[in-house]
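Model the structure of this input:
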Amino acid sequence: MSLFRRYDDGLELHVVDHGLRWQLTLMLGGERVSGLGLVKKRMRVGGAIVRMGGIAGVWTAEDHRKKGFASRVMDASVDWMRLKGYETSILFGIRDFYHRYGFVEAFPESALDVGTSDLAMARSSLAVRTGRKKDLPSLSRLYNAHNRRRTGTVVRSRDWDPAWRLPRLGPGTLRRPGKTLLACDETARIRGYAVFDIQRGRCRVAEIVGVNGIAYGALARGLAQRARRGGCDRVVVHVPPGDPFIEHCNRFGSQFRKSFAGDGGSMARIVDVEKLMSRLLPEFQRRLDASEVGFTRSLALETDIGSVTIVPGRQLTLLPGTVANAMRVRVSQELLTLWVMGTRTVDDVTSDEPVTMPTQAKPALRVLFPRGDAYVWWPDRF
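As a prediction, this is how the structure comes out:
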């Protein structure tokens, strides 16, 4: 345990590195009074990969609540991530709390609801079987290929098991192992997979990936069979908006729901503007090259946590601060986070938001920050 911060009133903030996560603990006179976990992840923003710290397990001892201890830990966690070179942070939180620390709801919740008997109409020439540990590298390849440009998705290692633990229905945050269903061709090559669990008469699919409609057909049929055996009359599939499995299920009859909590839920914030924009520069270049927008004048992004200037040329470059004659866009960290995640567009700005945006900057901003549906698959949530 290492001391990160000492406060004037005797409080101390200590950090322990557990390899895949840090544990931050606020102590008073040797007593643990508050803390949280910081999960070390890499996350996609389009085709770019950024370092993301996932905040989980925020707690305060019952005898020490309403003393501002959780606020100190939250503030310290952002400082710690910045110190360690992280560009972004996400969390899955309660309402009316985390916005105080710069977090904004950035991910929609979405799910597909299909009747088991309808899903059973699916047909495919592929066989299905239960997944095994030795299949994990193949699943990782399929997952990373499927999500290679989806903002919000976590980059997985070869041995990451998506069925390791899934959310348990009902109150609390306990998790339980799920099951993996594979679709395989005649050469036994894996062409798709689904991670699911049956709880309390409900079949929930936490993740599904297929290389084509044939793979999705086999998975749909296999899921229907297992849901029927489990006494489930409906199958709920947690998928991001625009996922190909949604289109595949249209033929059976289905209902897709997408919702925002308005506050709380799936939230994000920028930790370091300059480092994040540096990471995104190749993705910005790709987006500009694919557009017909001419970008000939420097663009400065000025936020409450830092400023950078994107300079055009044969290849984009990034400078700290604001340079002379740049188009100056003043925007809050929170709104810039929503632009980066694709949750809001540059045109969706209301009169009560503190943003200054020259008209001539909007064409480039629309290309750099397009609308999209960021998503974190359920097995990656913490």
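
what's the neighbour count on residue 262?
Number of residues near residue 262 (other Cβ atoms under 10 Å) recorded here: 8. For the C-beta atoms, the positions are set from N, CA and C on the backbone; glycine is no exception.

Using the three-state scheme, assign it.
Three-state assignment for residue 262 (DSSP: H, G, I helix; E, B strand; the rest coil): coil.

tell me the contacts of it?
Applying Cβ atoms under 8 Å, 6 or more residues apart in numbering to residue 262 gives the contacts residue 105.

Look up how far residue 100 lies from it.
Distance of residue 262 to residue 100, given as Cβ to Cβ, to the nearest Å: 16 Å.

low pLDDT regions in this structure?
Where the chain drops to pLDDT under 70, the residues are 168-174.

so what are the domain limits for it?
For the chain, automatic domain parsing gives the domain ranges 2-106+264-269, 111-256, 272-368.

right, and these - which one's nearest residue 376?
Counting by Cβ to Cβ, residue 376 lies closest to domain 111-256 out of these; the figure is 5.2 Å.

And the helices in the stretch 201-350 of the chain?
Along the stretch 201-350 of the chain, counting by DSSP state H, counting those that start in this stretch, helices occupy 213-229, 244-249, 273-289, 333-341.

Return the set of buried residues in the second one.
So that's helix 244-249. Of all the residues in helix 244-249, those buried under the rule 16 or more other Cβ atoms under 10 Å are 244, 245, 246, 248, 249.

Send me it as CSV with only the CA atoms.
Extracted in CSV, the C-alpha atoms of helix 244-249 (Å, rounded to 0.1, in the frame of the first residue of the first chain):
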residue,chain,number,x,y,z
PRO,A,244,-26.6,-7.1,-37.2
PHE,A,245,-28.5,-9.6,-34.9
ILE,A,246,-31.3,-7.0,-34.6
GLU,A,247,-31.8,-7.1,-38.3
HIS,A,248,-31.6,-10.9,-38.3
CYS,A,249,-34.4,-11.2,-35.8
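
which strand in the protein runs the most residues?
strand 31-45 (DSSP state E).

Around residue 113, how many other residues sit close by?
13.

what's the closest non-adjacent residue to it?
Of all residues not flanking residue 113 in the chain, residue 255 sits nearest, at 4.6 Å (Cβ to Cβ, 6 or more residues apart in numbering).

Also residue 379?
Sequence neighbours aside, residue 162 is the residue nearest to residue 379 in space, at 4.1 Å (criterion: Cβ to Cβ, 6+ apart).

hang on, isn't the one you found packed against residue 208?
No - contact criterion Cβ atoms under 8 Å: residue 162 and residue 208 do not qualify, at 10.2 Å.

shared neighbours, these two?
Contacts common to residue 162 and residue 208, judged by Cβ under 8 Å, 6+ apart, are residue 195.

For the stretch 251-382 of the chain, which segments count as strands?
Shown for the stretch 251-382 of the chain, the strands assigned by DSSP state E, counting those that start in this stretch span residues 255-259, 265-270, 299-303, 306-311, 317-320, 327-330.

how far away is residue 380 from residue 143?
Separation of residue 380 from residue 143 (Cβ to Cβ) stands at 10 Å.

Spit out the residues that contact these two alike.
With Cβ under 8 Å, 6+ apart, residue 380 and residue 143 have common neighbours 156, 162.

ok, back up a step: in JSON lines: the domains of the chain, plus distance to residue 375.
JSON lines is the format used below for the domains of the chain (distance: least, Cβ to Cβ, whole Å):
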{"stretch": "domain 2-106+264-269", "distance to residue 375": "9"}
{"stretch": "domain 111-256", "distance to residue 375": "4"}
{"stretch": "domain 272-368", "distance to residue 375": "10"}
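
that older thread, please name the residues that touch the residue nearest to residue 379.
The contact partners of residue 162, taken as Cβ under 8 Å, 6+ apart, are 139, 143, 156, 178, 180, 195, 206, 207, 377, 379, 380.

Residue 371 now?
Listed by Cβ under 8 Å, 6+ apart, the contact set of residue 371 reads 342, 345.

The same query, at a cut-off of 10 Å, please.
Residues near residue 371 by Cβ atoms under 10 Å, 6 or more residues apart in numbering: 339, 342, 343, 344, 345, 346, 347, 348.

Export those residues as a markdown table, with columns for distance to residue 114 and neighbour count.
Supplementary listing: the contacts of residue 371 in a markdown table, determined by distance: Cβ to Cβ, whole Å; neighbours: other Cβ atoms under 10 Å:
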| residue | distance to residue 114 | neighbour count |
| --- | --- | --- |
| 339 | 34 | 21 |
| 342 | 27 | 19 |
| 343 | 27 | 24 |
| 344 | 30 | 20 |
| 345 | 31 | 15 |
| 346 | 36 | 22 |
| 347 | 35 | 10 |
| 348 | 32 | 12 |
